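>>> Generate a structure from the sequence data that follows.
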Amino acid sequence: MDFYTEWRLEGDEYSGGFLNGISLSGSESVNGMTEIKKCDNKTVFEGKNGHIIECFHEEKNGVVFTKSVFKNKTDLPARLELISSFAIKGINADKIHRATSFWAAEGKLLSQKLTDLNMETSWAKHGIRIEKFSQIGSMPVRKWFPFLVLENSRTSEFIGIQLYIGSSWQIEILNKTGEIYVHGGLADNDCAHWFKDVLPDEEFESPKAAIAMGSSLEEVCDKLVKAQEPRISETDKDMPVVFNEYCTTWGNPTLENIEKTANKLEGTGVRYLVIDSGWYKKEVGDWFSLTGDWIPSKKLFPNGIKEVADIIKAHGMIPGLWFEFETLGHLAEGWNDTGHILTKNGYPITSGGRRFWDMRQKWVWNYLDERVIGLLRDAGFGYLKIDYNENIGVGADGAESLGEGLRQTVDASRKYFEHIGNELPELVIENCSSGGHRLEPSFMETASQASFSDAHECNSIPLIAANMHRLIRPEQSQIWAVLRADADINRINYLLCAAFLGRLCLSGEIFDLSDEKWQRALDAIELYGRVKHIIKNGFTSVIRATAEDYSSPEGYQAVLREYKNEALLIVHTFKDGANPPIDDLLEGYSIKETFGSELDGEFRGKLFVLEKN
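Numbering: from 1, shown residues only. Reported below is the predicted structural model:
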């Protein structure tokens, strides 16, 4: 791969080819730079004004990590409007693959020919063709994942790219002469109001990107996912099962209900019992409007929340607690604390009933150390679910640009995640953002687990769960299996089988299930314990899905995850999908055991545990 770097200084001449207003790439700074040093892991360029830009490209286990470092070696301040995390030129490709994302519909694959995007070379090789996509704000996985795969269908060569950015980002694919060049990183000044002032003798480092090559989409995705290095607690490394009571109480956890749940789960193999939102309720207001103060409810827990944590531990499980500590609901005491919340152009940023702490401030960290870390430590919680239910938007005051204010704020949030892990090393941290809005590598590396989606009881659960295999480690991907008393046994099997696509998380009406349905859940937990090494260490070689409409899926899905001489085949049928054609996926294997329903009807789930012949 031919690595270079894209950057732009304020005042530069813009690129030709009709790019101005679409892209800041191909700037005067880029066109005027000279390569002055090249070694195995770094190329150094000098700008025409004496600035230095270092383009790092370091290989580790078959994946190249890239970043750019801008150094101001002049006597004058420099204002950066664009700096790439990666830039590659000279690519031969005719197709791209992207992962789209909305709430409760994360990771849907979009594969397109470049000709369908009108990216053919012009007759005179004049006028640059471009496809640019981006995400603006503090939810990095909203609309798109920061992910791209380029395919050369003639040679079966694939290049996969993943950005490690938790704030606004962009990726650009360009064609002028027939060869493709692609670059991406922080969203630039035109796209996201981002610029950065770099004083003399100072430098600015871009976030990193990961790049992998392979002979299939599945291979490059597997390389990118396995290149992520998450902070997984020792307690969580054997992938134990979770019970989260949110879909049982819907934000109204009580001492009585938690005790009843703990009693039901004792001895089942469930390790974590997580108390979700609402534990801080007051007399007035719902769970959503009261986030921010983090004072346990005397109404729900008259003797304090430590009592309920102790009860959970007495039943042999680790207690967990939900927080959304970066934001405030409108009934929180800090709602009008304009000295410590984010503003935009002097006005508090208010979005969907949320305001946002300024995570750059030491005062805010001290407040959260007391209300979050202090509570977890004092009450003896061993599991923390971090939620995040709104978006800051384009940026915040407090820096030279709105976009830089956003970058600093989000980076401070990520560092606070790390701070929690350092303060409570045994704590299991779950990364959640209205489900999956933060499923990008820089946040995933701060946590043991992640909420794959807010698709609690949807028919699309297995589709979304399979999508995640291309983007995050399945050992981190926590999948809801919400069990309802009025569900038939096929529905129970459908949900339980889907959870084998990642981390098994139970919820729902476990007290009211029939003996048969509860036994199904217990059987799933027991089987999960025996096959989770395949989920953790395997390679997802096949994701075959015929469904197009996630709201009303049709056909079937089959996912094959292989590890050494073993494999899991997880199959789901949807509308008109009975008796799916999966015999080819069973070739070369013997079926050791199965779990679930027969696939002779709609909305069935079945798991095959396989061994190579």
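
>>> Please count neighbours and contacts with C-alpha atoms only from this point.
OK.

>>> Tell me where the stretch 251-400 of the chain has helices.
Assigned by DSSP state H, counting those that start in this stretch, the helices in the stretch 251-400 of the chain fall at 255-265, 305-314, 362-368, 374-379.

>>> Point out the most buried one among those helices.
helix 305-314 (a mean of 20; mean count of other CA atoms under 10 Å).

>>> Make a markdown table out of the helices of the stretch 251-400 of the chain and add distance to Arg355.
Listed next are the helices of the stretch 251-400 of the chain as a markdown table, based on distance: least, CA to CA, whole Å:
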| stretch | distance to Arg355 |
| --- | --- |
| helix 255-265 | 30 |
| helix 305-314 | 26 |
| helix 362-368 | 14 |
| helix 374-379 | 22 |
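
>>> what's the following helix or strand after the longest strand belonging to the chain?
Using DSSP state E to define each element, the chain has its longest strand at strand 78-91. Sequence-wise, the next helix or strand downstream of strand 78-91 (DSSP states H and E) is strand 95-102.

>>> List the neighbouring strands of that next one plus their orientation.
strand 105-113 (antiparallel), strand 143-144 (antiparallel), strand 147-152 (antiparallel) (DSSP bridges).

>>> residues near Ile36, how many?
Ile36: 10 surrounding residues under other CA atoms under 10 Å.

>>> Where does it fall, secondary structure wise?
Ile36 is part of strand 34-38 when elements are defined by DSSP H and E.

>>> Alpha carbons only: can I get stretch 207-216 in PDB?
Extracted in PDB, the C-alpha atoms of stretch 207-216 (Å, rounded to 0.1, in the frame of the first residue of the first chain):
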ATOM      1  CA  PRO A 207      -6.500   9.600  16.100                       C
ATOM      2  CA  LYS A 208      -5.300   6.200  14.700                       C
ATOM      3  CA  ALA A 209      -6.800   4.000  12.000                       C
ATOM      4  CA  ALA A 210      -6.400   0.200  11.400                       C
ATOM      5  CA  ILE A 211      -5.900  -1.200   7.900                       C
ATOM      6  CA  ALA A 212      -6.000  -4.900   6.900                       C
ATOM      7  CA  MET A 213      -5.700  -6.700   3.600                       C
ATOM      8  CA  GLY A 214      -7.100 -10.100   2.600                       C
ATOM      9  CA  SER A 215      -8.900 -12.200   0.000                       C
ATOM     10  CA  SER A 216     -12.400 -11.800   1.400                       C
END
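
>>> quick one on the thing from earlier: just checking, what packs against the longest strand of the chain?
strand 2-3, strand 7-9, strand 63-71, strand 180-186, strand 196-198 (3 or more CA pairs under 8 Å, 6 or more residues apart in numbering; DSSP states H and E).

>>> Out of those, flag the one nearest Ala99.
Ala99 lies closest, by CA to CA, to one member of the helices and strands packed on strand 78-91: strand 180-186, at 15.6 Å.

>>> quick check: mean pLDDT across the closest one?
Strand 180-186 shows an average pLDDT of 97 in the prediction.

>>> after it comes which helix or strand?
Next element after strand 180-186 (DSSP H and E): helix 189-192.

>>> residues in contact with that following helix?
Helix 189-192 has contacts (CA atoms under 8 Å, 6 or more residues apart in numbering) with 21-24, 81-82, 136, 168, 195, 394-395, 403.

>>> Enumerate every residue touching the residue positioned nearest the centre of the chain.
Nearest to the mean C-alpha position of the chain, counting by CA atoms, centre = their mean, stands Leu439 at 0.3 Å. Contacts of Leu439 were listed using CA under 8 Å, 6+ apart, and they are 140-141, 145, 431, 450, 452, 471-472.

>>> Quick check on the residues you listed: which are buried?
Restricting these to buried positions leaves 140-141, 145, 431, 450, 452, 471-472, with burial counted as 16 or more other CA atoms under 10 Å.

>>> Which of those residues fall within strands?
Checking these against DSSP E, those in strands are 431, 450.

>>> want to try TSV for the buried ones among the contacts of Leu439, with distance to Phe511 and pLDDT as columns?
Conversion of the buried ones among the contacts of Leu439 to TSV gives the following (distance: CA to CA, whole Å; pLDDT from 0 to 100):
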residue	distance to Phe511	pLDDT
Pro140	38	98
Val141	36	98
Phe145	38	98
Asn431	28	98
Ala450	26	98
Phe452	25	98
Leu471	35	98
Ile472	33	98
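
>>> Looking at the buried ones among the contacts of Leu439, which one is closest to Ile570?
Using CA to CA, Phe452 comes nearest to Ile570 of the buried ones among the contacts of Leu439, at 17.3 Å.

>>> His437 is in contact with the closest one, correct?
No. Contact between Phe452 and His437 fails when scored by CA atoms under 8 Å: they sit 9.0 Å apart.

>>> Now do the contacts for the nearest residue to Ala545 once chain neighbours are set aside.
What sits nearest to Ala545 in space, not counting adjacent residues and going by CA to CA, 6 or more residues apart in numbering, is Gln557, at 4.3 Å. Applying CA under 8 Å, 6+ apart to Gln557 gives the contacts 462-463, 543-547, 571-573.

>>> These in strands, which ones?
Using DSSP E, these in strands are 543-545, 571-573.

>>> now the residue nearest to Val274 when sequence neighbours are not counted: how far from Asp337?
Spatially, and ignoring its direct neighbours in sequence, Val274 is nearest to Gly320 (4.0 Å; CA to CA, 6+ apart). Distance, Gly320 to Asp337, by CA to CA, to the nearest Å: 29 Å.

>>> out of these two, which sits in the busier spot?
Neighbours of Gly320 and Asp337, each counted by other CA under 10 Å, are more numerous for Gly320; the result is 26 against 12.

>>> what's the distance between Phe86 and Val410?
21 Å.

>>> Of the two, give the one with the bigger neighbour count.
Phe86 (30 against 24).

>>> doesn't Val64 make contact with the more buried one?
No. Counting by CA under 8 Å, Phe86 does not reach Val64; the two are 10.1 Å apart.

>>> Ramachandran angles for the nearest residue to Gly555 once chain neighbours are set aside?
Spatial nearest neighbour of Gly555, chain neighbours left out: Gly577 (3.9 Å); criterion: CA to CA, 6+ apart. Note on Gly577: backbone dihedrals following degrees, to the nearest 10 are phi -120, psi 20.
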